[in-house]
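# I would like to see how this sequence folds:
(one chain, ligands or ions: 1)
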Amino acid sequence: MILYNLNHIASKNWDLPTRALIASLFFLFGAVILNAQAPHCHTDEMLGNHLDQKSIKEEIALYEEQLSNTSPTRDEGIVHTIPVVVHIIHAGESIGNGPNLSQTKILEQLDILNDDFNQLNADQNLIPAEFAGLAANVEIEFCLARTTPDGNATNGITRSEYGSISSINFIESNIKPQTQWDPTRYMNLWIVRMPDPSILGYAYLPSPTFLHTHLDGVVLSHLKVGNQNSTTRGRTLVHEVGHYLGLPHLWGFTENDCDEDDFISDTPAVRTPYYGCPSYPQFTCGTSDMFMNYMDYVDDNCMHMFTEGQKTVMRSIINNQRKSLISNTDTACSTTVSTNNSPELNELVKIYPNPCQDDLTISTPDNHTIQSITVYDSSGRVLDFQVIPHKDSSSTYYLDTNAYQDGMHVLKIETRTGESYAKRFVKLTN
Ligand SMILES: [Zn+2]
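Numbering: from 1, shown residues only. Next up, the predicted model:
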């Protein structure tokens, strides 16, 4: 039946994103059996597992109806921002140990994600010449949420203790429904110690069965967060967010079939995933394989690009199925250093010593207790964001600057009385 439907779909002359989405649909039904020992993304298996009991025809009909209302949108030059909430699931480890990752590690991972989605990755010069012209700036940014669904301040990170995780099913049935933030407004990212260490991560495609349900979001192994070693450079998340925004694997939903791939025209057909770091060129379906694409399985240091076709699919999803994410951006993640304080109040806010070596003392007027502190580097990148718990609220705060590099920084201070202040300080080690 699947073969029949494939031929039926292939005979239609759909536009690129529609064909990619249809490919995603079939992808749902094709559980790929992978070598359990090989590190891999678990997306194919998860999608197949959940649909075992469903009527395939019914799902196809629903999906086709959804696709008919989806038009390709690239809105060139507009950077869309997606609010992210990171749910760290640990077993009681202290912050910085095991899966209970530090905020610094999370920020490092977000930087990698933003670099790759905005074609700022330093290794793009390694893309072979035949593919370099296809490499795309996807123009999608990700920010840690600043506001909870209830409107409270947050640093965009939640921490929950669950003991050891015995199965993927426990994540899907317990952890997700108990911790998820509104999936129409936030991209939920769960960081866990995987029960099977060969599983690096998984995410659901935005299809009717999964979109905006308690399953919707990305799950990532804590061992794959940020820069870990020479071959693990934070790109498992780049790959999984590709799925979250509608991209299938390059080989489609079945391996060893050159007639079926991701249906995106500028990613060449490929028979199977690549692992490790292959030498260029490689051929499996008669044309040179684009194994350096983020949607393959090569080591992180050997993947460098999304294509223009993949960009079109992801931006169509952002402008249709996942549009509510970007409408939430203004309230959920303001990233600019804007302030609203009066000059008189500004005079009363002190930071010292400046330049500073270790602790920077921040002092606000009496009765204007500090709610949050944000530190930016000179290029406007967020280095640190701390929410002060109500019980610790005070008009004096000591900021440890040891993790920052020497140079000019901008500090944004928000108080519980609603003012915000921006101050410059210089970090100077010696
Ligand atoms: Zn994958």
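
# which bits of the protein sit near the ion?
Cys41, Thr43 (C-beta under 5 Å from the ion). In this view, the C-beta of every residue, glycine as well, is placed from N, C-alpha and C.

# mind doing that once more with 6 Å?
Applying C-beta under 6 Å from the ion, we find that the chain lies next to the ion at Cys41, Thr43, His239, His243, His249.

# and those residues as TSV, adding secondary structure?
Output for the residues of the chain next to the ion, formatted as TSV (DSSP: H, G, I helix; E, B strand; the rest coil):
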residue	secondary structure
Cys41	strand
Thr43	helix
His239	helix
His243	helix
His249	coil
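
# nearest to Val349, of those?
Using C-beta to C-beta, His239 is the member of the residues of the chain next to the ion that lies nearest Val349, at 43.7 Å.

# read off the pLDDT value for the nearest residue to the closest one once chain neighbours are set aside.
The shortest distance from His239 to any non-neighbouring residue, by C-beta to C-beta, 6 or more residues apart in numbering, is to Tyr294 (5.3 Å). Per-residue pLDDT puts Tyr294 at 98.

# state the distance from the nearest residue to Lys427 once chain neighbours are set aside to Phe425.
Spatially, and ignoring its direct neighbours in sequence, Lys427 is nearest to Tyr404 (4.8 Å; C-beta to C-beta, 6+ apart). With distances taken as C-beta to C-beta, to the nearest Å, Tyr404 is found 10 Å from Phe425.

# so the two - more neighbours on which side?
Each of Tyr404 and Phe425 has its neighbours counted (other C-beta atoms under 10 Å); Phe425 has more, 21 against 18.

# contact partners for the most centrally placed residue in the chain?
The centroid of the chain falls nearest to Val241 when counting by C-alpha atoms, centre = their mean (5.0 Å). Taking C-beta atoms under 8 Å, 6 or more residues apart in numbering, we find Val241 in contact with Leu113, Phe117, Phe142, Met187, Ala203, Val218.

# from those, which is closest to the ion?
Ala203 (7.6 Å; C-beta to the ion).

# for that closest one, give me its contacts.
Thr43, Gly217, Val218, Val219, Glu240, Val241, His243, Tyr244.

# may I have the secondary structure class of the fourth one?
Using three-state DSSP, the three-state assignment for Val219 comes out as strand.

# wait, it touches Tyr204, no?
No. Contact criterion C-beta atoms under 8 Å: Val219 and Tyr204 do not qualify, at 9.6 Å.

# neighbour-wise, which of those two wins?
Comparing Val219 with Tyr204 by other C-beta under 10 Å, the one with more neighbours is Val219, at 28 against 23.

# who's the residue of the chain at minimum distance from the ion bridged to?
Residue of the chain nearest the ion, by C-beta to the ion: Cys41 (3.0 Å). Assessed by DSSP bridges, Cys41 has beta-bridge partners Gly201.

# just give me the neighbour total for it.
Using other C-beta under 10 Å: Cys41 sits among 22 other residues.

# report the buried residues of stretch 165-173.
Ile165, Ile168, Phe170, Ile171, Glu172 (16 or more other C-beta atoms under 10 Å).

# cool, stretch 305-325 as well?
Those would be 305-322, 325, for stretch 305-325 by 16+ other C-beta under 10 Å.

# first to last residue in that stretch, what's the distance?
One end of stretch 305-325 sits 24 Å from the other (C-alpha to C-alpha, to the nearest Å).

# so how far is that stretch from its chain's centroid?
13 Å (C-alpha atoms, centre = their mean, to the nearest Å).

# same question for that stretch, mean pLDDT?
Averaging pLDDT residue by residue across stretch 305-325 gives 92.

# do stretch 190-203 as well
Averaged across stretch 190-203, pLDDT comes to 95.

# now swap in stretch 225-244 and tell me
Stretch 225-244 comes out at a mean pLDDT of 96.

# so which bits of it are buried?
Buried residues in stretch 225-244, counted by 16+ other C-beta under 10 Å: 225-226, 232-244.

# take it, keep the C-alpha atoms, and write them as PDB.
In PDB, the C-alpha atoms belonging to stretch 225-244 read as follows (Å, rounded to 0.1, in the frame of the first residue of the first chain):
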ATOM      1  CA  VAL A 225      25.000  19.400  24.100                       C
ATOM      2  CA  GLY A 226      27.500  22.100  23.000                       C
ATOM      3  CA  ASN A 227      31.200  21.500  22.200                       C
ATOM      4  CA  GLN A 228      32.200  18.200  23.800                       C
ATOM      5  CA  ASN A 229      35.200  17.000  21.700                       C
ATOM      6  CA  SER A 230      36.500  17.200  18.200                       C
ATOM      7  CA  THR A 231      33.600  15.200  16.600                       C
ATOM      8  CA  THR A 232      30.800  16.400  18.900                       C
ATOM      9  CA  ARG A 233      30.200  20.100  18.200                       C
ATOM     10  CA  GLY A 234      26.600  20.700  19.200                       C
ATOM     11  CA  ARG A 235      25.100  19.800  15.800                       C
ATOM     12  CA  THR A 236      22.800  17.000  16.900                       C
ATOM     13  CA  LEU A 237      20.400  19.800  17.900                       C
ATOM     14  CA  VAL A 238      20.800  21.500  14.600                       C
ATOM     15  CA  HIS A 239      19.800  18.200  12.900                       C
ATOM     16  CA  GLU A 240      16.800  17.600  15.300                       C
ATOM     17  CA  VAL A 241      15.500  21.200  14.900                       C
ATOM     18  CA  GLY A 242      15.700  20.500  11.100                       C
ATOM     19  CA  HIS A 243      13.200  17.700  11.700                       C
ATOM     20  CA  TYR A 244      11.100  19.900  14.000                       C
END
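
# pLDDT weak spots in the stretch 1-150 of the chain?
1-38, 47, 51-72 (pLDDT under 70).

# if we use 90, what do you get?
Residues of the stretch 1-150 of the chain meeting the criterion pLDDT under 90: 1-79, 104, 146-148, 150.

# helices of that one, residue ranges please.
Using DSSP state H, counting those that start in this stretch, the helices of the stretch 1-150 of the chain run over residues 2-11, 16-29, 43-50, 56-68, 103-117, 129-132.

# ramachandran angles for Ile373?
phi -130, psi 130 (degrees, to the nearest 10).

# with Ala332 as the reference, measure out to it.
19 Å.

# higher neighbour count, the two?
Neighbours per residue, other C-beta under 10 Å: of Ile373 and Ala332, the larger number sits with Ala332, 27 against 18.
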